[in-house]
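J.: can you look at this prediction? I've put the sequence above it.
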Amino acid sequence: MSQKLWGGRFTQPTDKFVEEFTASIGFEQRLAEYDIRGSQAHAEMLGRQGIISTEDAQQIIDGLDAIRVDIEAGRIEFSVALEDIHMNVEARLTERIGAVGGRLHTGRSRNDQVAVDVRLYLRDEIDTVLDYLDKLEDALLTQAENHLDVIMPGYTHLQTAQPVLYAHHMLAYREMIARDRSRLVDLRRRFNVLPLGAGALAGTTFPIDREWVAQKLGFDGVTRNSLDSVSDRDFAIEFCSFSSILMMHLSRLAEELILWSSADFHFIDLSDAFCTGSSIMPQKKNPDVPELVRGKTGRVYGNLMALLTLMKSLPLAYNKDMQEDKEPLFDTIDTVKGSLKIFADMIAEMRVNAGTMRIAAARGFSTATDVADYCVRKGLPFRQAHEVVGKTVRYCVETGKDIPELSLEEFRTFSELIEADIYDYVTLEASVNARKATGGTAREAVEREIARARGQRQENSSCV
Ligand code: ARG
């Protein structure tokens with residue numbers, strides 16, 4: 001039937017173009033399952049409330065089941081003439097069960113229908129994203145657990161600052177992912193309310209039972225204002241906002257992995273499976289995966305801007321503009337899922353060059369602060385200690401020596417307070433392990449945080 005409608009339109013080229021221009025079926029087929037689920041709950045409620053007969057309701061529910069099977073088997077050709085997923089499904093239903101199919105839309109509008117479809121869809125996708133976030137968190141934690149002995153340079157301004165545990169560095173990203181997760185759980189809870197029942201904008205004259213439908217579809221409650229129900233797209237914006245922050249985090253990790261896998265750093269090796277070669281330079285192994293994730297961050301930011309701009313200044317209630325919400329949202333979901341999945345796998349397989357990291361950590365007088373702290377503990381005010389060590393470092397630069405290589409006599413030319421025990425404080429291990437307070441890089445502090453993170457991870461998987 002849709003094919004014939006198509007054919008008919010070919011004699012009127014302008015109309016056909018308008019039809020194509022306004023149709024959303026081209027990009028919303030992924031909503032089919034949710035459209036059917038929502039319709040079945042609505043039909044059952046109509047039957048229970050005596051708005052339609054229970055026989056009609058059952059016929060509609062069975063008919064929709066059959067359409068679901070057909071769609072899954074690829075037996076349905078969606079029609080542009082039928083505009084969107086809602087009318088495509090409804091037309092199939094009427095084709096299959098006859099005029100009774102036309103009773104499904106009682107007390108409902110496409111405006112509240114699309115709002116419920118997208119929420120159901122997004123809810124499912126969020127559960128997948130949560131799963132991927134957990135996998136990435138696991139990969140970061142495993143990297144930390146497996147490399148508790150590895151010391152690397154910690155940077156500020158990308159200049160060597162103080163030595164840190166590589167595990168500590170991995171845990172920093174774990175913190176970001178944990179915050180992302182909590183944002184996602186939070187926004188999921190906020191939008192998990194049923195908008196169906198708002199009708200086109202003002203509600204419906206039929207004695208519907210919204211609370212029953214909400215429960216049936218796994219919503220925590222119902223929306224409280226019909227105008228807002230059909231014109232609210234905050235959930236899509238919040239998801240894109242969550243996604244933008246997440247991608248920003250991934251782009252930072254991506255940037256570091258790209259630097260670290262370069263010949264100049266050589267801190268890590270990415271598995272061959274996540275890199276490609278160059279068609280001209282035989283020696284090249286390019287970190288394509290982190291580069292692409294870094295790049296894809298831009299499109300996710302763009303999608304957030306698109307949605308914010310789309311909704312800006314729209315009068316209540318539904319406006320056709322809002323059909324433009326789907327492509328940015330869908331693209332964001334696909335991009336975030338792909339990026340998380342590939343990052344989790346890549347991090348799990350990443351190999352660490354502990355020796356190179358250690359050599360780099362020792363360069364750049366990374367334990368200079370430890371000497372200053374030492375002098376402070378011997379009674380020197382910090383500002384003076386800073387001065388003393390500044391001169392010590394200048395001496396090291398001039399003589400080509402490193403701080404731990406200085407003799408006690410050399411140390412003492414800068415401060416009489418320095419004694420033989422200074423050597424207990426200027427090794428990489430001593431520097432790292434001195435930072436024991438919560439959140440510090442000492443091995444014992446890092447081990448505590450790993451245990452805490454594992455515990456939280458356990459709680460998360462038992463409550464979602
Ligand atoms: N395809 C439409 C959308 O995505 C569904 C709602 C259409 N409502 C309407 N009154 N045209 O926004």
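T.: Thanks, I have the structure now.
J.: the stretch 301-450 of the chain: helices as residue ranges?
T.: Listed in chain order, the helices of the stretch 301-450 of the chain (DSSP state H, counting those that start in this stretch) span 326-349, 354-362, 368-377, 382-399, 408-414, 428-433, 443-463.
J.: kindly present these as CSV, with separate columns for mean pLDDT, distance to the ligand and mean neighbour count.
T.: The way it works is simple: take the backbone N, C-alpha and C, and place the C-beta from them, glycine included. Formatted as CSV, these follow (pLDDT from 0 to 100; distance: least, CB to the nearest ligand atom, whole Å; neighbours: other CB atoms under 10 Å):
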stretch, mean pLDDT, distance to the ligand, mean neighbour count
helix 326-349, 97, 6, 20
helix 354-362, 96, 51, 17
helix 368-377, 94, 58, 20
helix 382-399, 95, 62, 15
helix 408-414, 95, 72, 15
helix 428-433, 95, 55, 19
helix 443-463, 93, 33, 14
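J.: how about these in JSON lines, adding distance to residue 237?
T.: Listed next are the helices of the stretch 301-450 of the chain as JSON lines, based on distance: least, CB to CB, whole Å:
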{"stretch": "helix 326-349", "distance to residue 237": "9"}
{"stretch": "helix 354-362", "distance to residue 237": "41"}
{"stretch": "helix 368-377", "distance to residue 237": "44"}
{"stretch": "helix 382-399", "distance to residue 237": "47"}
{"stretch": "helix 408-414", "distance to residue 237": "58"}
{"stretch": "helix 428-433", "distance to residue 237": "43"}
{"stretch": "helix 443-463", "distance to residue 237": "25"}
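J.: over to residue 154. Which of the three states is it?
T.: strand (DSSP: H, G, I helix; E, B strand; the rest coil).
J.: hmm, it is touching residue 161, no?
T.: Yes: counting by CB atoms under 8 Å, residue 161 is a contact partner of residue 154 at 5.2 Å.
J.: next up, the contacts around residue 193.
T.: Neighbouring residues of residue 193 by CB atoms under 8 Å, 6 or more residues apart in numbering: 214, 219-223.
J.: drop anything exposed from those residues.
T.: 214, 219, 222-223 (16 or more other CB atoms under 10 Å).
J.: for those residues, which one is nearest residue 407?
T.: Nearest to residue 407 among these: residue 219, at 73.5 Å, using CB to CB.
J.: what about the closest one, distance to the ligand?
T.: As judged by CB to the nearest ligand atom, to the nearest Å, residue 219 and the ligand stand 20 Å apart.
J.: for the stretch 101-250 of the chain, which segments are assigned as helices?
T.: Using DSSP H, counting those that start in this stretch, helices in the stretch 101-250 of the chain cover 110-146, 166-191, 210-216, 226-231, 234-260.
J.: nearest to the ligand, out of the ones you listed?
T.: helix 110-146 (3.9 Å; CB to the nearest ligand atom).
J.: so what does the closest one touch, helix or strand wise?
T.: Counting contacts by 3 or more CB pairs under 8 Å, 6 or more residues apart in numbering; DSSP states H and E, helix 110-146 packs against helix 32-48, helix 85-97, helix 166-191, helix 226-231, helix 234-260, helix 326-349, helix 443-463.
J.: re the thing from before, of all the helices of the stretch 101-250 of the chain, which lies closest to residue 344?
T.: helix 110-146 (4.0 Å).
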